[in-house]
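>>> Sharing a sequence plus its predicted fold:
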Amino acid sequence: MTPRTGILALLLAAAALPAAARPVAPGEDVQAAVAAAAPGEVLDLLPGLHRGPVLLDRAVTLVGRRGAVLEGPEQGSVVTIIAEGAAVRGLVLRGSGSSLDGMDSAVLLRRSATGAVVEGNRMEGNLFGVYVHGAQDAAVRGNTILGRPGGRMSEHGDGVTVWNAPGARAEGNDIRFGRDGIFVKTSKQNTFSGNRFRDLRFGVHYMYTNDSEVSGNASSGNHAGYAIMYSQRLTVRGNLSEGDRDHGLLFNYANGSTITDNWVIGHAAGARQDAAEPVDREHAIPGGSEVTGVAPAKCVFFYNANRNRFAGNRFEGCGIGIHFTAGSEGNEITGNAFIGNRAQVKYVGTRHLDWSRNGRGNYWSDNAAFDLDRDGIADAAYRPNDLVDRVLWTAPRAKLLLNSPAVQVLRWAQSQFPAILPGGVVDSRPLVAPPPPPVVAPDWQP
């Protein structure tokens, strides 16, 4: 290499490096700094308190050093992004307003903020954490989002809200307090992966969103882990629900999806909803608990969900393993493990459903089965429900008669004359050993 070409190479390498960040000291007008910045410039907020609100109307990046706080006036959003490719990184953000209609957020991404990035921030006490209002391909990564604890959940915002933002992603966020961890509505091609949810209504809440993925998330101590409603062609894979109160997984009018390798660990005794908190009728869950009623947790709830593939999941320690109702048709349910649930299945319907396919069914911990040919498949079919179960569902007080001679005779008759059994779920090829537990959220700390 000649000296001339060497110098040229050094100049080209220097040109490829990002421009030096411009420091912004506490007390300096952040909005004025944005107005003076060129597209692509980085504004480095030094440690201390900075005043918002801030409007990013050009492709600049706000970066906070350790200890940098950007505080809003408790009205509107702390940061609003309208520029394509703008970013907010490494800041403590607080002081949003309290208007649900105004979408008051720590960071609000408008429709024009295509490809905007919100990464590595800590958001404290804002109404919404990040509101992605139509910004395609936006990324919300690695943030800690602490909403407003206490009060009525229906009056809080969500950790991350996505509305009509194709390609938007939320990954690796830790979300606690508020309404929903991630709420997505009327969107498509979104990915929500590796997030952590605690002390919320729903961890993930889907409404009218198609062709998307929910994977590798962990939910604990929420009313429900993953509520998938009115959505199609989703991939729900490798998620954990641990100790969510009412439901681990819920599918309501969810069709054509693949639900695999999820793990729900429930409560065997159920929980009581706070009587002072009104039921959210707009997003009420069919089959959920009433205001003052006590209902056991359900690992999974199917309500009019059709043509889904449901495999490799593990459901244990719930009041009901799977509640299956309202004409759900064409679902493939094989290779799952139902372990230690008080009732493995509650099927509300009269049709006969065989939950096995291609010679393989599911594992049921209460199935005392023989496997004389040692092929891993029980020699007799498993049927989780009988006539007595149906009587108890419609007349719970009939539990007083469970040990009566009449009930014992009825159950004996059903075992001797299977033709009198009602329609319902049967697993004709049940597994005699549970599949290996799915690998989900290995670093989860509830």
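Structure received. Given the structure is predicted, the values throughout are model-derived calculations rather than measurements.
>>> Quick check: Arg22 touching Gly40?
No: with contacts counted by C-beta atoms under 8 Å, Arg22 stays clear of Gly40, the gap being 11.6 Å. From N, CA and C alone the C-beta is placed, and that goes for glycine too.
>>> For this protein, which segments count as helices?
For the chain, the helices defined by DSSP state H occupy 3-16, 30-36, 387-394, 405-416.
>>> Confidence-wise, which of the ones you listed is weakest overall?
Among those, helix 3-16 has the lowest mean pLDDT, at a mean of 41.
>>> Now for Asp101, how many residues are close by?
As a burial measure, Asp101 scores 5 neighbours (other C-beta atoms under 10 Å).
>>> Tell me the bridge partners for the most centrally placed residue in the chain.
The residue lying closest to the centre of the chain (C-alpha atoms, centre = their mean) is Val204, at 2.6 Å. Going by DSSP bridges, Val204 is paired in beta bridges with Ile182, Tyr226.
>>> Could you number the chain from 27 rather than 1 from now on?
Sure, I'll start numbering at 27, so the last one becomes Val230.
>>> ok, it to Leu260 distance?
From Val230 across to Leu260, the span is 10 Å (C-beta to C-beta, to the nearest Å).
>>> Pull up the overlap in contacts between these two.
Val240, Ile254 (C-beta atoms under 8 Å, 6 or more residues apart in numbering).
>>> Now find how far off-centre stretch 189-209 is within its chain.
Chain-centre distance of stretch 189-209: 9 Å, with C-alpha atoms, centre = their mean, to the nearest Å.
>>> and the end-to-end length of that stretch?
Terminal residues of stretch 189-209 lie 8 Å apart, using C-alpha to C-alpha, to the nearest Å.
>>> and if you look at stretch 181-192?
27 Å.
>>> buried set for that stretch?
His182, Gly183, Asp184, Gly185, Val186, Thr187, Val188, Trp189, Asn190, Ala191, Pro192 (16 or more other C-beta atoms under 10 Å).
>>> can you check stretch 141-154 too?
So for stretch 141-154, counting by 16+ other C-beta under 10 Å, buried means 141-150, 152-154.
>>> out of these, which are inside strands?
Those of the buried residues of stretch 141-154 mapping onto strands are Val143, Val144, Glu145, Arg148, Met149, Glu150, Phe154, per DSSP state E.
>>> Quick one: neighbours of the closest residue to the fifth one other than its chain neighbours, just the number.
For Met149, the nearest residue in space outside its immediate sequence neighbours is Ala132; the separation is 4.0 Å by C-beta to C-beta, 6 or more residues apart in numbering. Summarising burial for Ala132: neighbours were counted as other C-beta under 10 Å, giving 34.
>>> how close does Ala132 get to Leu226?
Distance, Ala132 to Leu226, using C-beta to C-beta: 16 Å.
>>> same question, Val262
From Val262 across to Leu226, the span is 18 Å (C-beta to C-beta).
>>> and the two? which has more neighbours close in?
Leu226 (29 against 26).
>>> what residues are up against that one?
So Leu226 contacts Met179, Gly185, Ile201, Arg202, Phe203, Gly204, Arg205, Asp206, Gly207, Asn248, His249 (C-beta under 8 Å, 6+ apart).
>>> try Ser454
Contact analysis of Ser454 by C-beta under 8 Å, 6+ apart lists Asp380, Ser382, Gly387, Ala407.
>>> and of the residues you listed, the nearest to Val56?
When those are compared for distance to Val56 (C-beta to C-beta), Gly387 wins out at 61.1 Å.
>>> Now do the closest one, the pLDDT please.
Listed pLDDT for Gly387 reads 94.
>>> Next, count neighbours for it.
Other residues within reach of Gly387, judged by other C-beta under 10 Å, total 25.
>>> got it, and Thr376?
Using other C-beta under 10 Å, Thr376 has 9 other residues around it.
>>> lowest-pLDDT helix or strand in the protein?
Here the helix or strand of the chain ranked lowest by mean pLDDT, DSSP states H and E is strand 297-298, holding a mean of 34.
>>> about what we covered before: as a markdown table, the contacts of Leu226 with distance to His76 and pLDDT would be great.
Compiled in a markdown table, the contacts of Leu226 are given as follows (distance: C-beta to C-beta, whole Å; pLDDT from 0 to 100):
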| residue | distance to His76 | pLDDT |
| --- | --- | --- |
| Met179 | 31 | 86 |
| Gly185 | 23 | 98 |
| Ile201 | 24 | 98 |
| Arg202 | 24 | 97 |
| Phe203 | 24 | 96 |
| Gly204 | 24 | 93 |
| Arg205 | 28 | 96 |
| Asp206 | 29 | 97 |
| Gly207 | 28 | 98 |
| Asn248 | 33 | 95 |
| His249 | 36 | 94 |
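>>> wait, which of these is closest to Val240?
Once C-beta to C-beta is applied, the member of the contacts of Leu226 that ends up nearest Val240 is Gly207, at 11.0 Å.
>>> Now for that closest one, how many residues are close by?
Using other C-beta under 10 Å: Gly207 sits among 34 other residues.
>>> Setting aside sequence neighbours, what's the nearest residue to it?
That would be Phe223: by C-beta to C-beta, 6+ apart, it lies 3.8 Å from Gly207.
>>> Pick out the most distant pair among the ones in strands among the buried residues of stretch 141-154.
Maximum distance among those (C-beta to C-beta): 20.1 Å, for Val143 and Glu150.
>>> Look up how far Gly450 lies from Gly353.
For Gly353, the distance to Gly450 - C-beta to C-beta - is 14 Å.
>>> Between the two, tell me which one has more neighbours.
Taking other C-beta under 10 Å, Gly353 and Gly450 do not tie; Gly450 has more neighbours (22 against 11).
>>> I'd say the more buried one and Leu379 touch.
Yes: using C-beta under 8 Å, Gly450 is in contact with Leu379, at 7.0 Å.
>>> before we move on, back to that, I'd like the buried residues of stretch 181-192 as TSV, with distance to Arg84 appended.
Listed next are those as TSV, based on distance: C-beta to C-beta, whole Å:
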residue	distance to Arg84
His182	32
Gly183	27
Asp184	28
Gly185	27
Val186	24
Thr187	24
Val188	24
Trp189	24
Asn190	24
Ala191	21
Pro192	24
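>>> Narrow those residues to those in strands?
Among the buried residues of stretch 181-192, DSSP E puts Val186, Thr187, Val188, Trp189 in strands.
>>> From these, pick the one nearest Gly282.
Nearest to Gly282 among those, counting by C-beta to C-beta, is Val188 at 20.7 Å.
>>> In contact with the closest one: list those residues for me.
Taking C-beta under 8 Å, 6+ apart as the test, what Val188 contacts is Val158, Ala194, Ala196, Ile208, Phe209, Val210, Lys211, Ser213, Asn216.
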